[in-house]
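1. build me a model:
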Amino acid sequence: MKNLARTAVWLLRLAWTTDRGRLLKAAALLFLGYLATPAVALGLRAFTDRLLGGDLPAALTTAGLIALALTAELMLGHFAHLYYFELGEQAEWRINDELIGHANGTDGIEHLDSSAFADTMILVREDIQKTRAYIEALLQIAALSVQLTLTTVLLGSLDPWLLLLPLAALPPVVMGHRAQHTADTAKEKAAEHNRRARHLLHVATSSHSAQEARLFAADEALVGLHDRSWHTATRLITRGQLSAAALRALGQLAFTLACFAAVYLVLRRAADGEVSIGGVVMVITMAVQINVQVAAALGMLATLQTAGLTARRLEALRTWPASGPAAAGPSAAEPVPARLTRGIRLEGVSFTYPGTDRPVLRDVDLHLPAGHTIALVGENGAGKSTLVKLLCGLYQPTSGRILVDGVDLRDIPPQEWKARVATLFQDFARFELTLRENVGLGERHRIDDDALLLGAIGKAGAERVLRRVPQGLDGALGRGYTDGSELSGGQWQSLGLARAALREHPLLMVLDEPASALDAAAEHAVFERYAGSAHDVGRDGGVTLFVSHRFSTVLMADRIVVLDGGTVAEHGSHAELLARRGLYADLFTLQARSYR
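-> Numbering: from 1, shown residues only. Just a heads-up that it's a prediction; the model follows:
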């Protein structure tokens, strides 16, 4: 009951702060409509007694009043529905905004790599579509409470023993609470399988993956995997729902037996002449009403219990990022340097993803000198992309520290540091917006400067995209628009390069596999352009760091850092590393051999 009270307070606060006017109007209309139900029972008592007493005009008048009460109940409920429906929609948008804030409102992104965080987000996104039903349930539970209280008083006026009839509603409530807990537990157990099924559905229906699925004849296998995950989730949920239905049936049976006992008691008193026939009709009517009220209350309570889970999950999302290292603000704000003189140093840096116990990086000691171009190489899974995100401030080290000209990166305001970082990640974003917005997101205050945008596009070699879009900078990209231009993977990547190029005077320029989607000629052109960019960055003391599997591009770097198993295996120039005959020499020789 404590959880239900907490849920009711959360919903009431949500509705009140969203639109108190609609809340008050919906509540007033609903309460007035619910008072008509016991009034109908009283009217039937009067109608029966007057009809049996031969007072036909009074009986007809009472019948008219009963009809008016029933009509008022329907009309008031309908108008109340209009108000709380609109209120629910507004509240749903508020929660959606909050979810966006939880996903993007922190400086780090560690929480986005947590499967538990992803499951919680999915469950909340599913449940907030029922926000209108949550608010409706809260209002109806309150109105039903008033209605049930009035019904109890009327029953007690006939016989004190009838005051116990509403207490018979407790077994269904208790069993209903237990039943909802059983159903919710099953839903949580099925969350992982549901998430996998949705992913497989997206893979099986996406044009990006359909081509590989067809060629490898993997479409049937994907469908099979989807069906197994979906059937597992369905089986868990169905089993929970059947158990919940059995528990609810037991509670309802107890209440039904109590109703039979109440009717029997009144019939005995009527036979003794202590209660009129109209009183018997009223008790039978109210017993039916209480049955309906209890059934409705059970449904509303189940809805409120689901709302309680949503509220607790939202609370978990509110506190989730605060438990991660990325949420810790700077202990002492230090301004970001205007230019680098010493460079960036990593001291004993380790990193472990949330929810795992295997470090991705272990005790990394590394110096990235100011004004230098650094190439980061290593086999898949060596920790290259993780190291890049640490340098960008998207992750915080699990242990160790990153120093920028001797200042701990944690002590520099995150947004100030990010404003001096230009990046293109391997998993680059495809923003289905206009071409102007797609590139302009790299430096939002320059989004209306056509000359700068066109310069960045030229620097990234994305002129083909510009020529392909009929409306130029204001043309739409992607399937999100009716007339949106479809782009290849390489063209999308070139726009990512243009976003990075738009940021002037970065202290850190990071290119994580910047040519992975480009052909050899385009790759060569890109690196020629970015050789000049690296020189410009170096003049401000900035560091250019690029990750590449293609050793032909690595030769452009001043220094090469080789990662192996989350640690720095070796570093130096190309000639020095070849002379050592270590991992770099092995990888370079292996790749060079394939070109001979």
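
2. so Thr37, which of the three states?
-> State at Thr37, reduced to three classes by DSSP: H, G, I helix; E, B strand; the rest coil: helix.

3. my guess is it meets Leu144, correct?
-> No: Thr37 lies out of contact with Leu144 (CB atoms under 8 Å); the separation is 9.5 Å. Backbone N, C-alpha and C define where each C-beta goes, glycine included.

4. so what sits against both of those two?
-> Contact criterion CB atoms under 8 Å, 6 or more residues apart in numbering; residues shared by Thr37 and Leu144: Gln293.

5. tell me the helix or strand right after the strand or helix carrying Ala270.
-> Per DSSP states H and E, Ala270 falls inside helix 219-271. Where DSSP H and E defines the elements, the next helix or strand beyond helix 219-271 is helix 277-319.

6. for that following helix, packing partners?
-> helix 2-52, helix 56-104, helix 115-127, helix 131-158, helix 170-189, helix 219-271 (3 or more CB pairs under 8 Å, 6 or more residues apart in numbering; DSSP states H and E).

7. repeat that with 6 Å
-> The contact analysis (3 or more CB pairs under 6 Å, 6 or more residues apart in numbering; DSSP states H and E) places helix 277-319 against helix 2-52, helix 115-127, helix 131-158, helix 170-189, helix 219-271.

8. pLDDT averaged over it - what is it?
-> The average pLDDT for helix 277-319 rounds to 80.

9. distance-wise, check the residue nearest to Leu200 when sequence neighbours are not counted relative to Ala233.
-> In this structure, Leu200 finds its nearest non-sequential neighbour in His226, 3.8 Å apart by CB to CB, 6 or more residues apart in numbering. From His226 across to Ala233, the span is 11 Å (CB to CB, to the nearest Å).

10. for Asp564, phi and psi?
-> Dihedral angles phi and psi of Asp564 (degrees, to the nearest 10) take the values phi -150, psi 120.

11. counting neighbours, what do you get for it?
-> By other CB atoms under 10 Å, the residues close to Asp564 number 18.

12. list the beta-bridge partners for it.
-> Beta-bridge pairing for Asp564 (DSSP bridges): Thr567.

13. residues contacting Gln289?
-> Counting by CB atoms under 6 Å, 6 or more residues apart in numbering, Gln289 makes contact with Thr37.

14. what does the pLDDT read for the residue nearest to Leu200?
-> Looking at His226, its pLDDT stands at 83.

15. try Arg132
-> Looking at Arg132, its pLDDT reads 85.

16. what sits against it?
-> For Arg132, the contact set (CB under 6 Å, 6+ apart) comprises 85, 88.

17. was I right to think Ala244 contacts Arg178?
-> No: counting by CB atoms under 6 Å, Ala244 does not reach Arg178; the two are 8.2 Å apart.

18. please identify which of those two sits among more neighbours.
-> For Ala244 versus Arg178, neighbours defined as other CB under 10 Å are more numerous around Ala244 (22 against 16).

19. count of neighbours near the closest residue to that one other than its chain neighbours?
-> Closest residue in space to Ala244, ignoring its immediate chain neighbours: Ala179 at 3.7 Å, by CB to CB, 6+ apart. Residues near Ala179, counting by other CB under 10 Å, number 25.

20. enumerate every residue touching Ala179.
-> So Ala179 contacts 244, 247-248 (CB under 6 Å, 6+ apart).

21. tell me how far it lies from Thr303.
-> For Ala179 relative to Thr303 (CB to CB), the value is 13 Å.

22. quick one, phi psi at Thr373?
-> With angles defined as degrees, to the nearest 10, Thr373 sits at phi -110, psi 120.

23. any idea how many residues pack against it?
-> Neighbourhood size, Thr373 [other CB under 10 Å]: 24.

24. could you do Ala592 as well?
-> Counted with other CB under 10 Å, Ala592 comes out at 11.

25. and it, what helix or strand is that in?
-> Assigned by DSSP H and E, Ala592 falls in helix 583-594.

26. walk me through the domains of this structure.
-> Per automatic domain parsing, the domain ranges recorded for the chain read 2-322, 343-420+505-594, 433-497.

27. in JSON lines: those, plus distance to Asp427.
-> JSON lines is the format used below for the domains of the chain (distance: least, CB to CB, whole Å):
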{"stretch": "domain 2-322", "distance to Asp427": "12"}
{"stretch": "domain 343-420+505-594", "distance to Asp427": "8"}
{"stretch": "domain 433-497", "distance to Asp427": "10"}
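
28. contacts only, for the residue nearest to Leu200.
-> Residues near His226 by CB under 6 Å, 6+ apart: 197, 200-201.

29. distance of it relative to His199?
-> Distance, His226 to His199, using CB to CB: 9 Å.

30. same deal with Arg235?
-> Arg235 is 19 Å from His199, where distance means CB to CB.

31. returning to what we had before: okay if I get the helices and strands packed on helix 277-319 as TSV plus distance to Val364?
-> Output for the helices and strands packed on helix 277-319, formatted as TSV (distance: least, CB to CB, whole Å):
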stretch	distance to Val364
helix 2-52	44
helix 115-127	26
helix 131-158	46
helix 170-189	38
helix 219-271	37
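
32. do you know which of those helices lies nearest Ala311?
-> helix 2-52 (4.6 Å; CB to CB).

33. ok, back up a step: for the helices and strands packed on helix 277-319, which one sits closest to Pro369?
-> Taking CB to CB, helix 115-127 is the member of the helices and strands packed on helix 277-319 nearest to Pro369, at 37.1 Å.

34. would you mark the buried spots in that closest one?
-> Going by neighbour count (16 or more other CB atoms under 10 Å), the buried part of helix 115-127 is 117, 119-124, 127.

35. tell me which strands and helices that helix is in contact with?
-> helix 277-319.
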